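> just coords:
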């Protein structure tokens, strides 16, 4: 079974500052992937960044970086230089690559609402 | 179109009625997924289609829910005898193949309201 936990229901961050969104996970699958999605108030789900469980380096995509600590089972998202347009709900998600019950489908956390203030 | 499309965008129905929700995946994507998102919550997996394989229906909450997919194209999610707790946004996603991972691209969702 898989489980994703996001313990921060909401956060305020000032424009141009960095913010870290926490995500911890649990899985029995030896090979898995971790994803972060952004959901603005419009409702669309926007893929941000991916980290594979066997990737040697932490993933980065522009202003997004993933602080992956495998032993601690955490995959925190760091947004640098926050912008007003970053205000949205952020979801951490995981899928397995080897066990049948985790293959394919994404397991999502409850999300963290980020509000960027001027 | 370039992205995943879903129809209708909004659906209001009466308790006990059947509804059909449609999803058009990105052309060429072999995998298609349905999720449900209740207000203020994360996404719950419902069902997953991969090519011609038997679908993974492990997330369907009851036998009132069913889904079909024609080949590698359109999918329809059907909810029979709708209940008020079925009110949610139903999101469809598709993904390709051939990479180590394949991110899922989501449609805009169908907002279902059961009165």
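Nice, I can see it. Because the structure is predicted, anything quoted here is derived from the model rather than measured.
> mind listing what's buried along stretch A:106-118?
For stretch A:106-118, burial by neighbour count (16 or more other CB atoms under 10 Å in any protein chain shown) applies to A:106, A:107, A:108, A:109, A:110, A:111, A:112, A:114, A:116. In this view, the C-beta of every residue, glycine as well, is placed from N, C-alpha and C.
> out of these, which two sit at the greatest distance?
Farthest-apart pair in those is A:107 and A:116; separation 27.3 Å (CB to CB).
> picking that back up, can the buried residues of stretch A:106-118 go into TSV with extra columns for secondary structure?
Output for the buried residues of stretch A:106-118, formatted as TSV (DSSP: H, G, I helix; E, B strand; the rest coil):
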residue	secondary structure
A:106	coil
A:107	strand
A:108	strand
A:109	coil
A:110	coil
A:111	coil
A:112	strand
A:114	strand
A:116	strand
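> tell me which of those is nearest to residue A:14?
residue A:116 (7.4 Å).
> who touches that closest one in this structure?
Residue A:116 makes contacts with A:12, A:13, A:14, A:15, A:82, A:83, A:84, A:85, A:86, A:87, as judged by CB atoms under 8 Å, 6 or more residues apart in numbering or on different chains.
> can I get these in TSV with neighbour count and pLDDT?
Listed next are these as TSV, based on neighbours: other CB atoms under 10 Å in any protein chain shown; pLDDT from 0 to 100:
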residue	neighbour count	pLDDT
A:12	11	96
A:13	18	97
A:14	10	97
A:15	12	97
A:82	20	97
A:83	11	97
A:84	10	97
A:85	9	96
A:86	19	97
A:87	17	97
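> which ones are touching the residue positioned nearest the centre of chain B?
Centroid check for chain B by CA atoms, centre = their mean gives residue B:34 as the closest residue, at 3.0 Å. Residues near residue B:34 by CB under 8 Å, 6+ apart: B:23, B:45, B:46, B:47, B:48, B:67, B:75, B:77, B:90, B:91, B:92.
> okay, residue B:56 and residue B:49: tell me how far apart.
8 Å (CB to CB, to the nearest Å).
> can you list the residues of chain A near chain B?
Residues of chain A lying near chain B by CB under 8 Å from any CB of the partner chain: A:33, A:35, A:37, A:43-45, A:47, A:50, A:52, A:91, A:93, A:101, A:103-111.
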